[in-house]
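In: Fold the following, please.
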Amino acid sequence: MAEPIRVVLVDDHAMFRAGVRSELGGQVDVVAEAADVDSAVAAVDAHRPDVVLLDVHLPGGGGVEVMRKARSAETRYLALSVSDAAEDVIGTIRGGARGYVTKTITGPELVAAIQRVADGDAVFSPRLAGFVLDAFAGSIEVADVDEDLDRLTEREREVMRLIARGYAYKEVAKELFISIKTVETHMSSVLRKLQLSSRHELARWASDRRLL
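Out: Below is the predicted model:
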């Protein structure tokens, strides 16, 4: 029998990692787990797995930073994220991932995705494939999106996306476990950095860039 695919599982939530292990059902060999960028890089360099299941947003710099720092050239990366935002999908693929699936994926689907990535295929959840095709076709201005977003901190991006989706300040504060005053401060900073004057302009800006 062929050796099982060796996997490193990277996510900052221990309960989620345990759930993924359970869903994989021993069909792959999870050789290590990691919860942040530094521990993920160390695990990849130590174990040189076939595939890394990689969350996009991690303490210490995010999934792209893991791919940039890890030295295991033969390892392939499959992003497994709650986010289906275009800038996360495109940025992660540009960073070196072979695929991107969302956390709504089933256990059998995830096993199949890992196997395909290990074989060298590119794997995407159906809706996300459109983002990547559009980016390479030029209908999403990826460079412009990245340049604008680079002006925002991670927290400002979270506030921006929720406000653009129509959340009230009170709802954003509850969702992110911060004060309403802090939401207002972040929102002012977002509008200033993006040179926008209202939440309506922000919603249109985010929609045009498929960030919602």
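In: all contacts plus neighbour counts: C-alpha atoms, from now on.
Out: Will do.
In: What segments of the chain are helices?
Out: Under the criterion DSSP state H, the chain contains helices at 14-24, 37-47, 63-69, 86-94, 107-118, 126-137, 142-149, 154-164, 169-176, 180-194, 199-208.
In: Give me the number of neighbouring residues for the closest residue to Ile180 other than its chain neighbours.
Out: Excluding the flanking residues, the one nearest Ile180 by Cα to Cα, 6 or more residues apart in numbering is Ala173, at 5.4 Å. Counted with other Cα atoms under 10 Å, the neighbours of Ala173 add up to 18.
In: Need the per-residue pLDDT for Ala173.
Out: The model reports Ala173 with a pLDDT of 90.
In: I'd say Ala85 and Ser207 touch.
Out: No. If you go by Cα atoms under 8 Å, Ala85 and Ser207 don't touch, sitting 10.7 Å apart.
In: Quick check, central residue of this protein?
Out: Centrality entry for the chain: nearest residue to the mean C-alpha point is Val56, 2.7 Å, by Cα atoms, centre = their mean.
In: Now for the residue lying closest to it once chain neighbours are set aside: which residues touch it?
Out: The shortest distance from Val56 to any non-neighbouring residue, by Cα to Cα, 6+ apart, is to Gly63 (4.6 Å). By Cα atoms under 8 Å, 6 or more residues apart in numbering, Gly63 lies in contact with Val37, Leu54, Asp55, Val56, His57, Ala79, Thr92.
In: can you check Arg76 too?
Out: Neighbouring residues of Arg76 by Cα under 8 Å, 6+ apart: Asp50, Val51, Val52, Ala97, Arg98, Val117, Ala118, Gly120.
In: The fourth one and His13, how far apart?
Out: Which is Ala97. Look at Ala97 and His13: by Cα to Cα, to the nearest Å, they are 21 Å apart.
In: who has more neighbours, the two?
Out: A direct count of neighbours by other Cα under 10 Å for Ala97 and His13 places Ala97 higher, at 24 against 13.
In: State the distance from the more buried one to Leu54.
Out: To Leu54, Ala97 is 9 Å away according to Cα to Cα.
In: try Gly60
Out: 14 Å.
In: Mind checking which of the two has more residues around it?
Out: Neighbour comparison, Gly60 and Leu54: the larger count goes to Leu54, with 27 against 13 (by other Cα under 10 Å).
In: In this structure that one contacts Leu78, no?
Out: Yes. With contact defined as Cα under 8 Å, Leu54 reaches Leu78; the gap is 6.0 Å.
In: Low-confidence stretches in this structure?
Out: Counting by pLDDT under 70, the chain shows low-confidence ranges at 1, 131-147, 210, 212.
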